[in-house]
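Student: Return atomic coordinates for the entry below.
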Amino acid sequence: MEKIIGINPVIEVLQNKEKTIEKLEIFKGAKDEKVNKIKRLASERNIKIFYTDKKRENSQGVVVYISDYDYYVDFGAFLEKIAPLEKSIVLILDEIQDPRNFGALIRSAEVFGVKGIIIPERNAVRINETVVKTSTGAIEYVDIVKVTNISDAISKLKKLDYWVYGAEGEGSKDYSQEKYPSRTALVLGSEGNGMRKKVKESCDVLIKIPMYGKINSLNVSVAGGIILSEIVKSF
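Tutor: Next up is the predicted model:
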């Protein structure tokens with residue numbers, strides 16, 4: 001079984017009828033209004049609630065257990081899904097390691113209408129309890145696609161007329177000065193090393209966020225949110 005913790009993630013899971021709920025635990029002292037919503041959703045799906053005296057760390061008093069669920073979408077199926085779309089954004093994460101960054105990027109992706117997030121099968125964080133909780137339920141609405149080769153995935157996106165932007169500190173273009181096309185893919189590199197050389201070479205344009213303070217870098221999830229918010233302005 002897979003464990004999902006936190007009020008918003010649990011609400012989104014309960015609203016997803018494709019998921020089989022095995023068990024719902026609620027801390028007896030949980031009094032939030034949203035906890036009442038959770039109880040109502042559980043009742044509508046005939047899910048038994050187990051009340052506990054012990055509050056799990058970082059759970060906000062609610063924990064749901066679901067049958068093993070595959071969050072990942074096949075790349076071929078994803079391409080078929082986005083091919084007919086007139087406008088769309090795809091986010092590509094090249095070896096992101098921190099689950100909180102991944103979860104935060106999923107949340108930003110959902111907010112800004114990203115159709116899917118592409119990640120490599122190896123050397124990258126996987127969807128886990130921390131990722132799901134940090135996404136605050138957004139993971140239920142964004143396709144996550146695992147691929148064996150990021151550069152090859154970029155090539156296939158280009159065949160669908162996607163223009164690919166890679167974000168890095170040494171980029172030649174100011175992110176805010178670009179006019180993003182109706183089919184845009186954004187690539188973000190890992191926290192420590194940025195994009196790998198071959199991935200960087202696969203991008204059409206390298207963009208940067210100008211820095212004006214004494215610290216010359218941003219957390220990757222923050223940078224991703226900033227750039228995505230700018231991309232949607234062009235749509």
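
Student: Tell me how many other residues surround residue 61.
Tutor: 21 (other CB atoms under 10 Å). Placement of C-beta: from N, CA and C, glycine included.

Student: tell me the phi and psi of the closest residue to it other than its chain neighbours?
Tutor: Spatial nearest neighbour of residue 61, excluding adjacent residues (CB to CB, 6 or more residues apart in numbering): residue 30 at 3.2 Å. Note on residue 30: its backbone torsions stand at phi -70, psi 120 [degrees, to the nearest 10].

Student: can you pull the contacts of residue 30?
Tutor: 55, 60-62 (CB atoms under 8 Å, 6 or more residues apart in numbering).

Student: List the residues that contact the closest residue to residue 115 other than its chain neighbours.
Tutor: Spatial nearest neighbour of residue 115, excluding adjacent residues (CB to CB, 6+ apart): residue 88 at 4.7 Å. Going by CB under 8 Å, 6+ apart, residue 88 touches 82, 115, 182-184.

Student: got any ranges where the protein has weak pLDDT?
Tutor: 68-69 (pLDDT under 70).

Student: what about the strands in the chain?
Tutor: 2-5, 21-27, 49-52, 62-66, 72-73, 88-94, 116-120, 143-147, 163-167, 173-174, 183-189, 205-208 (DSSP state E).

Student: Could you spell out the sheet neighbours of the second one, each with its direction?
Tutor: This means strand 21-27. strand 49-52 (parallel), strand 62-66 (antiparallel) (DSSP bridges).

Student: And for the first one?
Tutor: In the sheet containing strand 2-5, its partner strands are strand 62-66 (antiparallel), by DSSP bridges.

Student: pull the CA atoms of the partner strand into PDB?
Tutor: The C-alpha atoms that make up strand 62-66 are tabulated as PDB, following Å, rounded to 0.1, in the frame of the first residue of the first chain:
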ATOM      1  CA  VAL A  62      -5.000  12.700   8.200                       C
ATOM      2  CA  VAL A  63      -3.500   9.700   6.500                       C
ATOM      3  CA  VAL A  64      -4.900   7.700   3.600                       C
ATOM      4  CA  TYR A  65      -3.600   4.300   2.400                       C
ATOM      5  CA  ILE A  66      -4.200   3.400  -1.200                       C
END
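
Student: got the domain boundaries for the protein?
Tutor: Domain ranges of the chain: 2-67, 72-234, per the TED database.

Student: tell me the most buried of those domains?
Tutor: Of all the domains of the chain, domain 72-234 carries the top mean neighbour count, a mean of 18, counting by mean count of other CB atoms under 10 Å.

Student: Find the residue at the geometric middle of this structure.
Tutor: Closest residue to the average C-alpha location of the chain: residue 106 at 1.8 Å, with CA atoms, centre = their mean.

Student: gap between residue 58 and residue 30?
Tutor: 14 Å (CB to CB, to the nearest Å).

Student: Same question for residue 116.
Tutor: Taking CB to CB, one finds residue 116 at 34 Å from residue 30.

Student: Likewise for residue 14?
Tutor: 15 Å.

Student: Equivalent analysis for residue 46, please.
Tutor: 21 Å.

Student: now residue 13
Tutor: 16 Å.

Student: try residue 151
Tutor: 47 Å.

Student: Could you do residue 186 as well?
Tutor: From residue 186 to residue 30 the distance is 38 Å (CB to CB).

Student: Export the strands paired with strand 21-27 to TSV and append columns for distance to residue 215.
Tutor: Shown next, in TSV, are those (distance: least, CB to CB, whole Å):
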stretch	distance to residue 215
strand 49-52	43
strand 62-66	37
